[in-house]
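**Student:** 3D model of this:
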Amino acid sequence: MALCGNCASELSPGASFCIECGAPVGSPAPLGPPPTLPPPSGNLGVPARPQQLNVAHVLRGNWLGSLAVALVTLAAALLVSAAAAVATAVAGTDIDSRWDLQPRQIVTDTASMLVRSLGGEVAVTSSDTDYSLHAANLTITLVTLGVLVLSFRRMVRGYPRWTAAIGEVVRVSAFLSLALVVLALTTRASLENVQTVTVGAPFDPGSDDRWGPGAVSAGLVGFFVPCFVLLLAGLRSEWWDGRGRAVVRVIGAAVRGVAVIAVLLPVCGIVAIVLREVSEDEFRYADMDPGVRTVAIVDDVLSLPNQGWNLIALGSGAEVGIRTSFGDDEESEMHRLDWYVSEGDLPYQIAYPVDDGHPWLAAAPAVLALVLVAGAVVAGRTSRGTAPLWVRLGGWAVAVGVGTPLLTLLSASRSSSEDSVDRDGFTFFQGADVLQTFLFVTGAALVVGALGALLFGRRDLPLGPAWQSMRSLQQNPSRPPGSE
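**Tutor:** Below is the predicted model:
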């Protein structure tokens with residue numbers, strides 16, 4: 001049956017025209033109406049106005065919550081720093097009244113310890129000498145950062161997306177930076193009544209020089225250190241979907257593995273003291289004067305994480321010790337584990353040296369291995385099912401490589417000064433070699449991660465083609481091909 005191409009009516013057999021519309025038979029179907037174009041936006045020839053930045057939208061956020069997180073973190077940090085400052089002051093009173101327990105000096109020392117615990121400097125302003133000191137107490141560092149992460153995660157646990165949390169990271173860090181700057185500006189004190197000498201300091205105590213935390217340094221570390229830590233440890237995987245969530249979970253597992261190592265540092269410090277005492281014929285503090293004994297015990301307790309990291313660095317094969325320079329003259333007492341085992345004392349006990357070494361310190365590599373295994377276990381067991389085991393352990397090893405130089409720098413004592421008259425510079429370093437510790441500890445973490453992946457995640461390793469290629473190279477001439 002033929003149909004009209006114009007109106008689709010039925011055509012009679014042999015018809016030349018459609019009796020309904022009159023269109024000749026065989027004419028093409030008419031085109032539809034032309035598409036309607038949308039009206040042009042704006043005036044033709046006039047460029048569109050750029051979109052203006054909504055300042056109110058950028059500034060909008062949980063300011064009160066961020067302030068609360070910053071205040072809780074600052075309170076915890078000040079409490080631990082004040083306890084350390086008072087303990088040091090009380091211990092010093094037994095040695096010829098080196099400290100008079102003056103509140104002003106304790107306040108300055110508290111602020112200095114807090115700023116130094118985040119990597120900031122303590123500065124001495126003098127007419128003839130510029131002096132700066134970096135010597136973090138890792139006990140204060142761990143408490144401060146731990147309270148910061150826990151309180152921040154509690155605040156943002158109900159947030160629907162990560163963009164809002166990023167704003168809170170900036171706000172919390174800004175509040176902390178502002179607080180540390182105010183502390184640095186208001187707590188500087190005179191050395192007139194201080195009778196102790198900070199390690200490596202070229203100035204004379206009892207002078208009218210002023211000392212305290214540097215304001216610029218306090219502001220920088222107060223902002224960037226919390227930002228860095230919260231971006232790694234404070235974000236939650238629930239804010240992402242699909243592959244993004246898996247990536248965040250792998251990063252979270254790696255950060256938790258590194259956090260385990262940091263938490264175990266005080267335990268490693270206790271192990272270092274035990275190994276030191278077991279290696280000696282009698283208890284170390286037995287022959288000390290009461291005042292010296294008190295100072296030594298307080299120093300050991302406050303520096304437990306620092307001593308623990310030195311033990312880990314020694315166990316990795318890195319050099320630990322003291323390096324000084326004055327002008328063009330340099331002196332180095334950096335040694336590896338075998339020297340401390342057979343000849344010398346640990347650098348944190350350099351004031352009470354021994355000559356016969358500490359044989360039990362040979363257990364340092366075992367301590368390093370146990371700490372790395374603990375971190376690898378936590379990283380491997382966290383977020384199972386999101387990524388293969390070798391990916392999680394590889395991410396953990398990379399995180400160890402990032403954290404190792406930071407911990408090495410924080411645990412070391414570094415000071416420098418420059419004479420304003422003849423410009424003779426003096427530098428002092430006490431701790432583990434940064435580059436060697438980074439290379440050896442990271443290498444050990446890679447080995448532990450590789451062994452863990454081979455032992456417990458071999459099925460997930462992408463070694464199929466590589467394994468077949470290696471097997472194809474093996475051929476025993478006494479056997480027929482393919483029999484091995």
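
**Student:** could you identify the helix or strand that succeeds the host helix or strand of Ala253?
**Tutor:** When secondary structure is defined using DSSP states H and E, the element that contains Ala253 is helix 243-263. With elements assigned by DSSP H and E, the helix or strand that comes after helix 243-263 is helix 265-278.

**Student:** other SSEs contacting that next one?
**Tutor:** Using 3 or more Cβ pairs under 8 Å, 6 or more residues apart in numbering; DSSP states H and E as the contact criterion, the elements in contact with helix 265-278 are helix 138-156, helix 304-316, helix 364-381. In short, each C-beta sits where N, CA and C put it, glycine included.

**Student:** okay if I get these as TSV plus distance to Asp329, mean pLDDT and mean neighbour count?
**Tutor:** As requested, these are exported to TSV (distance: least, Cβ to Cβ, whole Å; pLDDT from 0 to 100; neighbours: other Cβ atoms under 10 Å):
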stretch	distance to Asp329	mean pLDDT	mean neighbour count
helix 138-156	31	92	21
helix 304-316	26	92	27
helix 364-381	32	93	20
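
**Student:** phi first, then psi, for Ala432.
**Tutor:** For Ala432, the backbone dihedrals (degrees, to the nearest 10) come out as phi -90, psi 150.

**Student:** from Leu314, how far out is it?
**Tutor:** Distance of Ala432 to Leu314, computed by Cβ to Cβ, to the nearest Å: 8 Å.

**Student:** OK, contacts around the closest residue to Cys18 other than its chain neighbours?
**Tutor:** The shortest distance from Cys18 to any residue other than its chain neighbours is 4.1 Å, reached at Cys4 (Cβ to Cβ, 6 or more residues apart in numbering). Contacts for Cys4 (Cβ atoms under 8 Å, 6 or more residues apart in numbering) come out as 10-11, 18, 20-21, 23, 25.

**Student:** okay if I get the helices and strands packed on helix 265-278 as JSON lines plus distance to Gly452?
**Tutor:** What follows is the helices and strands packed on helix 265-278, written out as JSON lines (distance: least, Cβ to Cβ, whole Å):
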{"stretch": "helix 138-156", "distance to Gly452": "25"}
{"stretch": "helix 304-316", "distance to Gly452": "18"}
{"stretch": "helix 364-381", "distance to Gly452": "5"}
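
**Student:** quick one: mean pLDDT over the strand or helix carrying Leu74.
**Tutor:** When elements are defined using DSSP H and E, Leu74 is found to belong to helix 63-92. Per-residue pLDDT values across helix 63-92 average out to 87.

**Student:** what's the angle from that helix to helix 138-156?
**Tutor:** Taking axes from the mean of the first three to the mean of the last three Cα atoms, to 10 degrees, one finds helix 63-92 and helix 138-156 inclined to each other by 160 degrees.

**Student:** what residues sit buried inside helix 63-92?
**Tutor:** Going by neighbour count (16 or more other Cβ atoms under 10 Å), the buried part of helix 63-92 is 65-66, 69-70, 72-74, 76-78, 80-82, 84-85, 87-89, 91-92.

**Student:** where does pLDDT dip in the stretch 251-400 of the chain?
**Tutor:** Using pLDDT under 70 as the threshold, the predicted model of the stretch 251-400 of the chain has low-confidence ranges 279-293, 295, 344-356.

**Student:** residue contacts, Ser411?
**Tutor:** 136, 138, 305-306, 309-310, 431-432.

**Student:** over to Gly65?
**Tutor:** Residues touching Gly65, when contacts are defined by Cβ under 8 Å, 6+ apart, comprise 155, 168.

**Student:** now it: how far from Val72?
**Tutor:** Gly65 sits 11 Å away from Val72 when distances are taken as Cβ to Cβ.

**Student:** who are the packing partners of the following helix or strand past the helix holding Leu74?
**Tutor:** Where DSSP H and E defines the elements, the next helix or strand beyond helix 63-92 is helix 103-117. Under the contact definition 3+ Cβ pairs under 8 Å, 6+ apart, helix 103-117 sits against helix 63-92, strand 122-125, strand 129-135, helix 138-156, helix 162-186, strand 189-190, strand 210-213, helix 215-233.

**Student:** let's see 7 Å
**Tutor:** In terms of contacts (3 or more Cβ pairs under 7 Å, 6 or more residues apart in numbering; DSSP states H and E), helix 103-117 is packed against helix 63-92, helix 138-156, helix 162-186, strand 189-190, strand 210-213.

**Student:** not counting that helix itself, show me its contacts.
**Tutor:** Outside helix 103-117, the residues that touch it by Cβ atoms under 7 Å, 6 or more residues apart in numbering are 77-78, 81-82, 84-86, 89, 122, 134-137, 140-141, 144, 180, 183-184, 187-189, 193-194, 212-213, 217-218.

**Student:** how about a cut-off of 8 Å?
**Tutor:** So helix 103-117 is contacted by 77-78, 81-82, 84-86, 88-89, 99, 121-122, 133-138, 140-141, 144, 180, 183-184, 187-189, 193-194, 211-214, 217-218, 221-222, 410 (Cβ under 8 Å, 6+ apart).

**Student:** just the CA atoms of stretch 369-379, as PDB, please.
**Tutor:** Output of stretch 369-379 as PDB, limited to C-alpha atoms (Å, rounded to 0.1, in the frame of the first residue of the first chain):
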ATOM      1  CA  ALA A 369      62.600  -3.500  64.000                       C
ATOM      2  CA  LEU A 370      59.900  -3.900  66.700                       C
ATOM      3  CA  VAL A 371      58.800  -0.300  66.400                       C
ATOM      4  CA  LEU A 372      58.600  -0.500  62.600                       C
ATOM      5  CA  VAL A 373      56.700  -3.900  62.700                       C
ATOM      6  CA  ALA A 374      54.200  -2.300  65.100                       C
ATOM      7  CA  GLY A 375      53.600   0.600  62.700                       C
ATOM      8  CA  ALA A 376      53.400  -1.700  59.700                       C
ATOM      9  CA  VAL A 377      50.800  -3.900  61.500                       C
ATOM     10  CA  VAL A 378      48.600  -0.900  62.300                       C
ATOM     11  CA  ALA A 379      48.900   0.400  58.800                       C
END
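
**Student:** how far out from the middle of the chain is that stretch?
**Tutor:** 17 Å (Cα atoms, centre = their mean, to the nearest Å).

**Student:** same thing with stretch 80-93?
**Tutor:** What separates the centre of stretch 80-93 from the centre of its chain is 27 Å, taken as Cα atoms, centre = their mean.

**Student:** ok, now stretch 210-218?
**Tutor:** For stretch 210-218, the distance between its averaged C-alpha position and the chain's averaged C-alpha position is 23 Å (Cα atoms, centre = their mean).

**Student:** take the contacts of Cys4 and write them to JSON lines, including neighbour count, pLDDT and distance to Leu150.
**Tutor:** Formatted as JSON lines, the entries for the contacts of Cys4 read as follows, by neighbours: other Cβ atoms under 10 Å; pLDDT from 0 to 100; distance: Cβ to Cβ, whole Å:
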{"residue": "Glu10", "neighbour count": "12", "pLDDT": "73", "distance to Leu150": "83"}
{"residue": "Leu11", "neighbour count": "17", "pLDDT": "73", "distance to Leu150": "85"}
{"residue": "Cys18", "neighbour count": "22", "pLDDT": "75", "distance to Leu150": "84"}
{"residue": "Glu20", "neighbour count": "13", "pLDDT": "71", "distance to Leu150": "83"}
{"residue": "Cys21", "neighbour count": "13", "pLDDT": "75", "distance to Leu150": "82"}
{"residue": "Ala23", "neighbour count": "15", "pLDDT": "72", "distance to Leu150": "83"}
{"residue": "Val25", "neighbour count": "16", "pLDDT": "71", "distance to Leu150": "86"}
